[in-house]
Structure formats: structure tokens, C-alpha cells
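Participant: Sharing a sequence plus its predicted fold:
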Amino acid sequence: MNDLAPLLAPEGRALLDEVRGTAPADELAVATRLRREHPAELVSAALGQARLRQRAAAKFGAEDAQRMFFTPNGVEQSTRASVAAYRAQRLRALGVTSVADLCCGIGGDAIALARAGIRVLAVDRDPLTAAAARANADALGLAGLIDVREADVTEVETASCDAVFVDPARRGGRGRIFDPEAYSPPLSWAVRAALRAPHAALKVAPGIPHEAVPAEAEAEWISDGGDVKEAVLWFGTAPGAVRATLLPGPRSLLGRGLPDPEVRSVGRYLYEPDGAVIRAHLVAEAAEELDAGLIDPTIAYVTADALRATPYATAYEITDRLPFNVKKLKALLREREVGILTVKKRGSAVEPEELRRKALPKPQGPNSVTVFLTRVAGAPTMLLGRPAGLT
């Protein structure tokens, strides 16, 4: 598919309605039937768009996804709607009323910004991607707030906007790009564009090295439902600040420059910090709230004797501590009639699925166990436990 125009025409829209929800196993029969009355290329495009809409529902919600238009890269690279909405609300709280959305993709962030009441200049150099962004603004009733332009972002004048948002491409022909200077456009260009605006937000990969964060920026790592989604470099807010934000909520943990927690023996409870907390290097801040210490100086698990509520870590009650030994684990699981085994690891080369297959080859029994493959005081260790509920 290299042109959305046929799908935007009445015949294309009617086809999209007809193929909505088509299961993969039924596509051949549906295509054969529809090609008797419609061009084969149009039928293929409609079925392809239906597949993309089904995939996009996880990010955009079923209601919006069924009205929007996507490209394969657009589905893959778009910001999750909940994350985009959080960022838009934060810009709105800064007093921003207009944003230049550079590298706008199919318009996911532009939609969130417009729904927050912010006018958007959305720019992308790819013709099909820009067409999708324009179609999406129209489909969701936001065309009055979103001006989509097909252009090179490095040549667009943004002085008329209160803020700049840049989402550089971080994928190439060989997959993910980890070097910020290999982004398109490079991070250095995006930073220069940010520094020219009163406010700016640059979306970057969550694995960005902390030393690559400009001194003028606030760095924020965002997770949604426990999964780390992205990092954002904010300009015009709090230079040098570090923040971990958890959605839904939002709940934000601010860095205070604390030293690493002390290492202590494994207590009754093990806390697994949220991935955004770990990426932001804020384990010490989370541990202080819990009066907890590290189980090992190189491992981001913290432990305590008391159970405390926190949004920034998941608590487990530890029942057993064993040296790494598959045979002993297998015997213990059989003895306790374990039918469900959850394996987590940090600081271990063993793959969870491999251990699950060896330790519980024939799951049977009503009980469940979580095993942590990790290191305690430098030694390979298995910690067994269960999620700790607060009463």
C-alpha cells in the first residue's frame, strides 16, 4: 500500500466497513468474494488496513483504531495513547497552546495534543505517513487543530509555536538504532531545535545512556502498566532533574541524588522496582521509602522485613532461599504441588523458559510459585516466593 486515497474514497470506506474484524483464517475467502465486485488492489489494501487496525487497538483503543488509518511502521512506532495523553497534559500544564510535532508519524501524539486543546503543526517527510496523519486528524474530528505538512523537519520554521515535540526515527533497515546520533534526525539536531523553543519534549529510547542527556534537560522515564515505554527529555522545565513516571496514575518519583542503598541480608519481602524506576537510576529513592536495602550491590532488587505499600515496586513474600540448583528446585516444586511457575531473573544467565521447562516439565497441582534467579552477595541464588498482598 503506497497510497491511501483509494481507501478514503466512498468505495474504499465501504470496503473497510465490510472487512472490519475479518479473522486471518477468513481473509482468503473474503478477498475472493469481494474481488468479484471491487478491484483486487483495493480489496487487498482494505484487508491490509483491517489487519493494521486490529494490531493498533492495543495502543489506541478499539474505538479510535477502527476509525484511523495506519502504515505498518506507524503501528509499530506510534506512542501508546495513554503515554501521549500524559505528555500532552504535561505540556498543557506548562501553559503551552501550540506545538510543532516534528516527525509526527501517523499522528498519534498530534491527536493527544489536539484533544488537550493544543494547536498542532504536524510534520513528516514521508508522503504516505503524512497522508495517514491527515486522514486520522479528519477521522477523529480534529482537523481544525492539526495542520499536517509533508516536509523535512530540519527545514520547518517553528518560531510561531510555544513548544516543540520531536520523535526521531529510531529504527533502520537492520532494526533498532541505539546510538542517539544515528536517530533520524540526530539527537544533537533535536536538542538544538529544543533549545530554540520556550518548551520542548524529545522522545528517546528508554535505554539512552544517562551521560547522553544534555545538561539543559530534565530526563523522564515512563512506564505504562509496568512496561517501560519511552524516555522524554524536557526543556524549559527543571534542568538536570530525573523522574520516573508510572501510568496509569500518573505517579512520579523524583530523583534526589541519593547514594546506592546498603546491601543487607534477604528479608521477608523482596521488592521488584518498576522498570522506569530502574532506567531512571532511582532505585535508591524507592528503597528509602521502603526502608529497604539491596540484596547485592549490582542487582536492582531490594529487600525489607516489613511490607509497605508503594506504587514504585512490586512486593513478594519470600518463603525460600536456595543456591542455584535445578534438581533441588524441581523436587521442592513437586513436594509443594506447584502447577504454575513464574520465573523472573536479574543478574542470571539462565533463561526463564529454560528453567521452567526443566524444573516443572509436567505442571500439576493447585499452587503457584514465583522464583527469582539472581545473585545474593555475589552468589547465584534462587529466591522463592509469592506476590505479597496488603491487607
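Facilitator: Nice, I can see it. Numbering: from 1, shown residues only.

Participant: how about low-confidence regions in the stretch 201-350 of the chain?
Facilitator: Nowhere does the stretch 201-350 of the chain drop to pLDDT under 70.

Participant: On the pLDDT front, check T79 for me.
Facilitator: pLDDT for T79: 92.

Participant: Tell me how many other residues crowd it.
Facilitator: T79 sits with 22 neighbouring residues when counted by other Cβ atoms under 10 Å. (Glycine included, C-beta is placed from N, CA and C.)

Participant: just S265 next, same as before
Facilitator: By other Cβ under 10 Å, the burial measure for S265, its neighbour count, is 11.

Participant: so is it in a helix, a strand, or just coil?
Facilitator: Under DSSP: H, G, I helix; E, B strand; the rest coil, the three-state class of S265 is coil.

Participant: cool, L113 as well?
Facilitator: helix.

Participant: Please name the residues that touch it.
Facilitator: L113 makes contact with 84, 88, 91, 99, 101, 120, 165, according to Cβ atoms under 8 Å, 6 or more residues apart in numbering.

Participant: How about D296?
Facilitator: Neighbours of D296 in contact, by Cβ under 8 Å, 6+ apart: 263, 347, 374-378.

Participant: Let me know the closest of the contacts of L113 to Y271.
Facilitator: The closest of the contacts of L113 to Y271 turns out to be A84 (Cβ to Cβ; 29.6 Å).

Participant: For that closest one, which residues are in contact?
Facilitator: If a contact means Cβ under 8 Å, 6+ apart, then A84 has 108-109, 111-113 as its contacts.

Participant: Spatially nearest residue to it (excluding sequence neighbours)?
Facilitator: Nearest in space to A84, with sequence neighbours left out and distances taken as Cβ to Cβ, 6 or more residues apart in numbering, is A112 at 3.6 Å.

Participant: Name the nearest of the contacts of A84 relative to A215.
Facilitator: D109 (25.6 Å).

Participant: For the closest one, the count of nearby residues, please.
Facilitator: 28.

Participant: what's the average pLDDT for the helix or strand where A122 lies?
Facilitator: Counting by DSSP states H and E, the element that carries A122 is strand 119-124. The average pLDDT within strand 119-124 is 97.

Participant: coming back round to it: kindly indicate the member of the contacts of L113 with the most neighbours.
Facilitator: Of the contacts of L113, with other Cβ under 10 Å as the count, D101 tops at 33 neighbours.

Participant: Identify the bridge partners of that residue.
Facilitator: Beta bridges link D101 to A122, F165 when assigned by DSSP bridges.

Participant: I'd say it and T158 touch.
Facilitator: No: here D101 does not reach T158: they are 9.9 Å apart, not a contact under Cβ atoms under 8 Å.

Participant: Give the residues shared as contacts by these two.
Facilitator: With Cβ under 8 Å, 6+ apart, D101 and T158 have common neighbours L121.

Participant: beta partners of the closest residue in space to E262 that isn't next to it in sequence?
Facilitator: Distances taken as Cβ to Cβ, 6+ apart put G293 closest to E262, at 4.9 Å, once the chain neighbours are dropped. On the basis of DSSP bridges, G293 is bridged to T303.

Participant: Contact partners for L270?
Facilitator: L270 neighbours (Cβ under 8 Å, 6+ apart): 295, 301-303, 315-316, 318, 372, 383, 385.

Participant: Out of these, grab the one that's most surrounded.
Facilitator: I295 (29 neighbours).

Participant: what's the neighbour count on L258?
Facilitator: Counted with other Cβ under 10 Å, residues neighbouring L258 total 14.

Participant: repeat for R336
Facilitator: Counted with other Cβ under 10 Å, R336 comes out at 14.

Participant: And for H38, the neighbour number?
Facilitator: So H38, with other Cβ under 10 Å, has 17 neighbours.

Participant: And the pLDDT at the nearest residue to it once chain neighbours are set aside?
Facilitator: Nearest residue to H38 in three dimensions, chain neighbours excluded: L15, at 6.2 Å (Cβ to Cβ, 6+ apart). At L15, the pLDDT value in this model is 94.

Participant: hang on, V19 packs against V30?
Facilitator: Yes: V19 lies in contact with V30 (Cβ under 8 Å); the separation is 6.2 Å.

Participant: Identify the residues contacting the closest residue to F372 other than its chain neighbours.
Facilitator: Once flanking residues are discounted, F372 sits nearest to L383: 4.2 Å by Cβ to Cβ, 6+ apart. With contact set as Cβ under 8 Å, 6+ apart, L383 has these partners: 266, 270, 318, 320-322, 371-372, 374, 376.

Participant: Good, wrapping up.
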